[in-house]
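[1] The following block contains a protein sequence and its predicted model.
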Amino acid sequence: MAPHEAVGTASGLPTPEGMQSIVADIGSDQRAFKNVPWGKPMMWIFLVSDTFIFGSFLISYMTVRMSTTVPWPNPSVVFSLEMFGENVPLLLIAIMTFVLISSSGTMALAVNYGYRRDRRTTFWLLIATAALGATFVGMQAFEWTKLIQEGVRPWGNPWGAAQFGSSFFMITGFHGTHVTIGVIFLVIVAVKVWRGDLDKQRPGFLTGRRGNYEIVETMGLYWHFVDLVWVFIFAFFYLW
(Lines give C-alpha, C1' and ligand atoms only; values in the text may rest on other atoms or scores of the structure.)
Protein backbone atom coordinates (compact mmCIF):
# COMPACT_ATOMS: atom_id res chain seq x y z
CA MET A 1 0.00 0.00 0.00
CA ALA A 2 1.34 3.45 -0.88
CA PRO A 3 2.18 5.74 2.07
CA HIS A 4 -0.47 8.26 1.04
CA GLU A 5 -3.29 5.69 0.75
CA ALA A 6 -6.05 5.67 3.36
CA VAL A 7 -6.41 2.68 5.63
CA GLY A 8 -9.69 0.78 5.35
CA THR A 9 -12.15 0.41 8.23
CA ALA A 10 -14.46 -2.40 9.23
CA SER A 11 -17.32 -0.62 7.46
CA GLY A 12 -15.38 -0.50 4.23
CA LEU A 13 -14.98 3.29 4.35
CA PRO A 14 -11.47 4.74 4.13
CA THR A 15 -9.93 6.21 7.27
CA PRO A 16 -8.29 9.60 6.58
CA GLU A 17 -4.59 9.99 7.33
CA GLY A 18 -2.29 12.89 8.03
CA MET A 19 -3.82 16.37 8.21
CA GLN A 20 -7.21 15.03 7.06
CA SER A 21 -7.21 12.71 10.06
CA ILE A 22 -6.65 15.63 12.45
CA VAL A 23 -9.43 17.65 10.82
CA ALA A 24 -11.77 14.64 11.00
CA ASP A 25 -11.02 14.15 14.71
CA ILE A 26 -11.69 17.80 15.50
CA GLY A 27 -14.99 17.74 13.60
CA SER A 28 -16.15 14.38 14.92
CA ASP A 29 -18.45 15.97 17.48
CA GLN A 30 -20.41 17.57 14.64
CA ARG A 31 -21.15 14.12 13.25
CA ALA A 32 -21.73 12.38 16.59
CA PHE A 33 -24.16 15.05 17.84
CA LYS A 34 -25.57 16.04 14.49
CA ASN A 35 -29.19 15.42 15.42
CA VAL A 36 -28.98 16.46 19.07
CA PRO A 37 -30.90 19.69 19.80
CA TRP A 38 -28.60 22.04 21.69
CA GLY A 39 -31.40 24.01 23.33
CA LYS A 40 -32.14 21.53 26.10
CA PRO A 41 -28.53 20.79 27.16
CA MET A 42 -27.79 24.53 27.28
CA MET A 43 -30.92 25.13 29.34
CA TRP A 44 -29.93 22.37 31.77
CA ILE A 45 -26.47 23.92 32.17
CA PHE A 46 -28.07 27.30 32.88
CA LEU A 47 -30.51 25.80 35.40
CA VAL A 48 -27.74 23.96 37.25
CA SER A 49 -25.73 27.19 37.56
CA ASP A 50 -28.85 29.05 38.66
CA THR A 51 -29.48 26.38 41.29
CA PHE A 52 -26.14 27.25 42.91
CA ILE A 53 -27.10 30.94 43.01
CA PHE A 54 -30.50 30.35 44.60
CA GLY A 55 -28.95 27.78 46.94
CA SER A 56 -26.35 30.32 48.06
CA PHE A 57 -29.08 32.89 48.73
CA LEU A 58 -31.14 30.48 50.83
CA ILE A 59 -28.11 29.19 52.75
CA SER A 60 -27.04 32.78 53.46
CA TYR A 61 -30.57 33.57 54.65
CA MET A 62 -30.63 30.59 57.01
CA THR A 63 -27.17 31.45 58.34
CA VAL A 64 -28.14 35.06 59.04
CA ARG A 65 -31.40 34.08 60.67
CA MET A 66 -29.82 31.50 62.97
CA SER A 67 -26.88 33.74 63.93
CA THR A 68 -28.65 37.03 64.60
CA THR A 69 -29.23 37.96 68.25
CA VAL A 70 -32.11 40.29 67.42
CA PRO A 71 -35.58 38.67 67.29
CA TRP A 72 -36.61 37.70 63.76
CA PRO A 73 -39.97 39.04 62.52
CA ASN A 74 -42.84 36.55 62.59
CA PRO A 75 -43.80 35.83 58.93
CA SER A 76 -47.39 35.06 59.92
CA VAL A 77 -47.71 38.62 61.21
CA VAL A 78 -45.61 40.41 58.61
CA PHE A 79 -47.28 38.73 55.63
CA SER A 80 -50.84 38.77 56.91
CA LEU A 81 -53.65 40.31 54.88
CA GLU A 82 -56.73 41.97 56.31
CA MET A 83 -59.99 40.35 55.23
CA PHE A 84 -63.39 41.36 56.64
CA GLY A 85 -61.74 43.20 59.51
CA GLU A 86 -59.42 40.33 60.50
CA ASN A 87 -55.79 39.63 59.66
CA VAL A 88 -55.39 36.32 57.81
CA PRO A 89 -51.80 34.96 58.04
CA LEU A 90 -50.01 34.30 54.73
CA LEU A 91 -53.20 34.65 52.67
CA LEU A 92 -51.56 36.52 49.80
CA ILE A 93 -48.55 34.17 49.81
CA ALA A 94 -50.84 31.14 49.65
CA ILE A 95 -52.69 32.61 46.66
CA MET A 96 -49.40 33.44 44.93
CA THR A 97 -48.17 29.89 45.49
CA PHE A 98 -51.40 28.42 44.12
CA VAL A 99 -51.21 30.62 41.01
CA LEU A 100 -47.59 29.73 40.27
CA ILE A 101 -48.07 25.99 40.85
CA SER A 102 -51.14 26.09 38.59
CA SER A 103 -48.99 27.65 35.87
CA SER A 104 -46.79 24.54 35.98
CA GLY A 105 -49.85 22.49 35.03
CA THR A 106 -50.70 24.68 32.04
CA MET A 107 -47.03 24.64 30.97
CA ALA A 108 -46.93 20.82 31.09
CA LEU A 109 -50.09 20.69 28.98
CA ALA A 110 -48.56 23.15 26.49
CA VAL A 111 -45.58 20.83 26.03
CA ASN A 112 -47.92 17.86 25.63
CA TYR A 113 -50.05 19.52 22.97
CA GLY A 114 -46.95 20.96 21.31
CA TYR A 115 -45.64 17.49 20.57
CA ARG A 116 -49.07 16.62 19.22
CA ARG A 117 -48.63 19.62 16.89
CA ASP A 118 -51.90 21.10 18.11
CA ARG A 119 -50.93 24.69 17.37
CA ARG A 120 -54.08 26.39 18.63
CA THR A 121 -54.24 24.58 22.00
CA THR A 122 -50.50 25.01 22.56
CA PHE A 123 -50.80 28.74 21.93
CA TRP A 124 -53.62 29.26 24.43
CA LEU A 125 -51.92 27.14 27.07
CA LEU A 126 -48.74 29.20 26.71
CA ILE A 127 -50.79 32.39 27.00
CA ALA A 128 -52.53 31.00 30.10
CA THR A 129 -49.15 30.17 31.64
CA ALA A 130 -47.87 33.67 30.87
CA ALA A 131 -51.04 35.20 32.35
CA LEU A 132 -50.64 33.20 35.57
CA GLY A 133 -46.98 34.23 35.75
CA ALA A 134 -47.89 37.88 35.23
CA THR A 135 -50.54 37.57 37.95
CA PHE A 136 -47.90 36.21 40.31
CA VAL A 137 -45.56 39.12 39.55
CA GLY A 138 -48.42 41.57 40.06
CA MET A 139 -49.23 40.12 43.47
CA GLN A 140 -45.54 40.20 44.39
CA ALA A 141 -45.44 43.88 43.43
CA PHE A 142 -48.45 44.45 45.71
CA GLU A 143 -46.62 42.61 48.51
CA TRP A 144 -43.50 44.75 48.04
CA THR A 145 -45.58 47.96 48.01
CA LYS A 146 -47.41 46.97 51.20
CA LEU A 147 -44.21 46.16 53.10
CA ILE A 148 -42.43 49.30 51.90
CA GLN A 149 -45.37 51.39 53.11
CA GLU A 150 -45.09 49.63 56.47
CA GLY A 151 -41.43 50.63 56.76
CA VAL A 152 -39.50 47.60 55.47
CA ARG A 153 -36.17 48.56 53.90
CA PRO A 154 -33.06 46.59 52.87
CA TRP A 155 -31.32 48.01 55.95
CA GLY A 156 -34.09 47.58 58.51
CA ASN A 157 -37.72 46.98 59.42
CA PRO A 158 -40.04 47.90 62.31
CA TRP A 159 -40.41 44.31 63.58
CA GLY A 160 -36.89 43.25 64.54
CA ALA A 161 -33.71 42.02 62.82
CA ALA A 162 -32.47 44.45 60.16
CA GLN A 163 -31.33 41.57 57.93
CA PHE A 164 -34.96 40.63 57.29
CA GLY A 165 -35.44 43.45 54.77
CA SER A 166 -32.30 42.73 52.76
CA SER A 167 -33.04 38.98 52.69
CA PHE A 168 -36.63 39.57 51.61
CA PHE A 169 -35.87 41.97 48.76
CA MET A 170 -32.87 39.98 47.53
CA ILE A 171 -34.49 36.53 47.43
CA THR A 172 -37.99 37.46 46.27
CA GLY A 173 -36.64 40.10 43.87
CA PHE A 174 -34.25 37.68 42.20
CA HIS A 175 -37.00 35.10 41.83
CA GLY A 176 -39.50 37.67 40.61
CA THR A 177 -37.00 38.74 37.93
CA HIS A 178 -36.82 35.14 36.73
CA VAL A 179 -40.62 34.93 36.55
CA THR A 180 -40.83 38.22 34.64
CA ILE A 181 -38.22 37.07 32.10
CA GLY A 182 -40.10 33.77 31.78
CA VAL A 183 -43.37 35.57 31.06
CA ILE A 184 -41.72 37.60 28.29
CA PHE A 185 -40.26 34.51 26.64
CA LEU A 186 -43.54 32.61 27.00
CA VAL A 187 -45.29 35.34 25.03
CA ILE A 188 -42.53 35.25 22.37
CA VAL A 189 -42.82 31.46 22.02
CA ALA A 190 -46.62 31.71 21.94
CA VAL A 191 -46.41 34.18 19.05
CA LYS A 192 -44.08 31.83 17.19
CA VAL A 193 -46.52 28.98 17.71
CA TRP A 194 -49.47 31.07 16.54
CA ARG A 195 -47.66 32.17 13.38
CA GLY A 196 -46.77 28.57 12.59
CA ASP A 197 -43.02 29.17 12.76
CA LEU A 198 -42.48 25.86 14.56
CA ASP A 199 -44.25 23.94 11.79
CA LYS A 200 -42.03 25.21 8.98
CA GLN A 201 -38.95 23.53 7.55
CA ARG A 202 -36.29 25.94 6.39
CA PRO A 203 -33.36 24.91 4.17
CA GLY A 204 -29.83 25.72 5.25
CA PHE A 205 -27.89 25.44 8.47
CA LEU A 206 -30.92 24.83 10.68
CA THR A 207 -32.47 22.11 8.52
CA GLY A 208 -33.89 19.48 10.84
CA ARG A 209 -34.06 21.86 13.78
CA ARG A 210 -37.29 23.44 12.55
CA GLY A 211 -40.57 21.66 12.18
CA ASN A 212 -40.76 20.69 15.86
CA TYR A 213 -41.84 22.12 19.19
CA GLU A 214 -38.63 21.54 21.16
CA ILE A 215 -38.48 25.21 22.10
CA VAL A 216 -41.77 24.76 23.99
CA GLU A 217 -40.26 21.91 26.01
CA THR A 218 -37.10 23.94 26.66
CA MET A 219 -39.23 26.82 27.89
CA GLY A 220 -41.10 24.33 30.07
CA LEU A 221 -37.84 23.28 31.77
CA TYR A 222 -37.16 26.88 32.72
CA TRP A 223 -40.69 27.47 33.97
CA HIS A 224 -40.82 24.32 36.09
CA PHE A 225 -37.47 25.30 37.62
CA VAL A 226 -38.83 28.73 38.57
CA ASP A 227 -41.85 27.08 40.19
CA LEU A 228 -39.69 24.59 42.08
CA VAL A 229 -37.46 27.36 43.43
CA TRP A 230 -40.55 29.16 44.74
CA VAL A 231 -41.53 26.06 46.71
CA PHE A 232 -38.19 26.25 48.55
CA ILE A 233 -38.54 30.02 49.10
CA PHE A 234 -42.07 29.49 50.41
CA ALA A 235 -40.90 26.79 52.81
CA PHE A 236 -37.76 28.47 54.13
CA PHE A 237 -38.76 32.14 54.09
CA TYR A 238 -42.50 32.22 54.75
CA LEU A 239 -43.16 29.07 56.82
CA TRP A 240 -40.04 28.99 58.96
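    In hand now; what should we look at?
[2] And the contacts of stretch 226-240?
    54, 58, 61-62, 65, 75, 79, 90, 93, 97, 100-101, 103-104, 167-168, 171-172, 175, 178-179, 182 (C-beta atoms under 8 Å, 6 or more residues apart in numbering). Glycine gets a C-beta too; all of them are placed from N, C-alpha and C.
[3] what about the strands in the chain?
    Using DSSP state E, the strands found in the chain span residues 7-8, 14-15, 81-83, 86-88.
[4] Pull out the buried residues from the contacts of stretch 226-240.
    Among the contacts of stretch 226-240, those classed as buried by neighbour count (16 or more other C-beta atoms under 10 Å) are 54, 58, 61, 65, 75, 79, 90, 93, 97, 100-101, 103-104, 167-168, 171-172, 175, 178-179, 182.
[5] Return the subset of these lying in helices.
    Of those, the ones assigned to helices by DSSP state H are 54, 58, 61, 65, 75, 93, 97, 100-101, 103-104, 167-168, 171-172, 175, 178-179, 182.
[6] Would you mind measuring from W144 to G173?
    8 Å (C-beta to C-beta, to the nearest Å).
[7] can you give me the end-to-end distance of stretch 142-156?
    The first and final residues of stretch 142-156 sit 19 Å from each other (C-alpha to C-alpha, to the nearest Å).
[8] Check P37 and give its pLDDT.
    At P37, the model reports a pLDDT of 66.
[9] need the helices for this structure, in chain order.
    Under DSSP H, the chain gives helices at 19-26, 28-32, 39-67, 75-78, 91-115, 119-149, 163-195, 214-233.
[10] quick check: mean pLDDT across the first one?
    The reference is to helix 19-26. 55.
[11] can you pull the contacts of the residue lying closest to I95 once chain neighbours are set aside?
    Distance criterion C-beta to C-beta, 6 or more residues apart in numbering; nearest residue to I95, sequence neighbours excluded, is M139 at 6.7 Å. In this structure, M139 makes contact with L92, I95, M96, V99, judged by C-beta under 8 Å, 6+ apart.
[12] Pull up the gap between M139 and V216, please.
    In terms of C-beta to C-beta, M139 sits 26 Å off from V216.
[13] same thing with A162?
    44 Å.
[14] returning to what we had before: ok, of the helices of the chain, where does mean pLDDT dip lowest?
    helix 28-32 (a mean of 45).
[15] Run a quick neighbour tally on the residue nearest to G39 when sequence neighbours are not counted.
    Nearest non-adjacent residue to G39, counting by C-beta to C-beta, 6+ apart: T218, 4.4 Å away. Residues lying near T218 (other C-beta atoms under 10 Å) number 21.
[16] So T218 sits against M43, correct?
    Yes - counting by C-beta atoms under 8 Å, M43 is a contact partner of T218 at 5.0 Å.
[17] Could you check how many residues crowd around K146?
    14.
[18] before we move on, what about I53?
    Neighbour tally, I53, other C-beta under 10 Å: 11.
[19] OK, contacts around it?
    Counting by C-beta under 8 Å, 6+ apart, I53 has contacts F174.
[20] again with the one 4 residues further on
    Contact partners of F57, counting by C-beta under 8 Å, 6+ apart, are M170, I171, F174.
[21] repeat for P154
    G165, S166, F169, M170.
[22] Quickly name whichever of these is closest to L198.
    Lowest distance from L198 to the contacts of P154 (C-beta to C-beta) belongs to M170, with 37.0 Å.
[23] wait, isn't S104 in contact with W223?
    Yes - at 6.9 Å, S104 counts as touching W223 under the criterion of C-beta under 8 Å.
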